[in-house]
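K.L.:
one predicted model, sequence on top.
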Amino acid sequence: MSHGKQITLYMHTVGPNGWKVAFVLEELGLTYEPVYLDFRKGEQKAPAFTQYNPNGRIPAIIDHKNGDFVLWESCAILLYLVDKYDTEKRLTVTDDKGKYTLTQWLFFQASGQGPYFGQAFWFMKYHSETIPSAIERYQKETLRVFSVLDGVLAKSPSGYLVGDKVTIADLAFVSWNKFGVEGIVSAVDGVDVEKQFPAFYAWYKKVYARPAVKKVFEIYEQLQK
């Protein structure tokens, strides 16, 4: 593999967690080479990848400009990227309380958004049998997460999660938000996300519209064709 680009990013053509790393790489202007693992072939569990991530999940990065440093878990990667390369602190904050609040939201994304949305997709699309109670549970959890975010964002003067600007806390949610809005709750009768969760929806669309995020989603859309 050529190391002409700074970062090798192991990801998946659909899996949201890899894409949130790509957003931050683009925002910071870091060059990266995406390696899309084929889950149907079990490449994420093969030794060629588990030598980097023993958990056999995406994403993982190799930073070739930092001694081929390997890191996995998407939110850990986001923290590393801003700590190491966001010298102007464009995507993070500098005050102590703000740092902890930012980390809080990364934990909530990793533990409260991703798993619930992921289970919703699994039972809606991939499970071997249809289990209505499981589908309903995780669709409701998706709406609950939307409600949590909406309540906080409605009180935020900036419309962002931390401080007065976009940070990795906001960017961490975007890809799962897209799948939640367009895939999970679109199948639920009587739900209008824009009307029921207006602060959440405005934030989602604002972050989605950022040039770096739009560029990454354009790549994503091309891969789905």
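P.N.:
Perfect, I can see it now.

K.L.:
and the residue nearest to Asn66 when sequence neighbours are not counted, how close does it get to Arg210?
P.N.:
What sits nearest to Asn66 in space, not counting adjacent residues and going by Cβ to Cβ, 6 or more residues apart in numbering, is Lys84, at 7.1 Å. To be clear about C-beta, it is placed using only N, CA and C from the backbone, and glycine gets the same treatment. Lys84 is 21 Å from Arg210, where distance means Cβ to Cβ, to the nearest Å.

K.L.:
do Gly29 as well
P.N.:
In terms of Cβ to Cβ, Gly29 sits 13 Å off from Arg210.

K.L.:
of those two, which one has the most company?
P.N.:
Arg210 (17 against 8; other Cβ atoms under 10 Å).

K.L.:
can I get the CA coordinates of stretch 209-223 in PDB?
P.N.:
This file holds the C-alpha atoms of stretch 209-223, laid out as PDB (Å, rounded to 0.1, in the frame of the first residue of the first chain):
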ATOM      1  CA  ALA A 209     -24.400  21.500   4.600                       C
ATOM      2  CA  ARG A 210     -20.800  22.200   5.600                       C
ATOM      3  CA  PRO A 211     -18.500  21.900   2.500                       C
ATOM      4  CA  ALA A 212     -16.300  19.100   3.900                       C
ATOM      5  CA  VAL A 213     -19.300  17.100   5.000                       C
ATOM      6  CA  LYS A 214     -21.100  17.600   1.700                       C
ATOM      7  CA  LYS A 215     -17.900  16.500  -0.100                       C
ATOM      8  CA  VAL A 216     -17.700  13.300   1.900                       C
ATOM      9  CA  PHE A 217     -21.400  12.500   1.400                       C
ATOM     10  CA  GLU A 218     -20.900  13.000  -2.300                       C
ATOM     11  CA  ILE A 219     -18.300  10.200  -2.200                       C
ATOM     12  CA  TYR A 220     -20.700   8.100  -0.200                       C
ATOM     13  CA  GLU A 221     -23.400   8.500  -2.700                       C
ATOM     14  CA  GLN A 222     -21.100   7.600  -5.600                       C
ATOM     15  CA  LEU A 223     -20.200   4.400  -3.800                       C
END
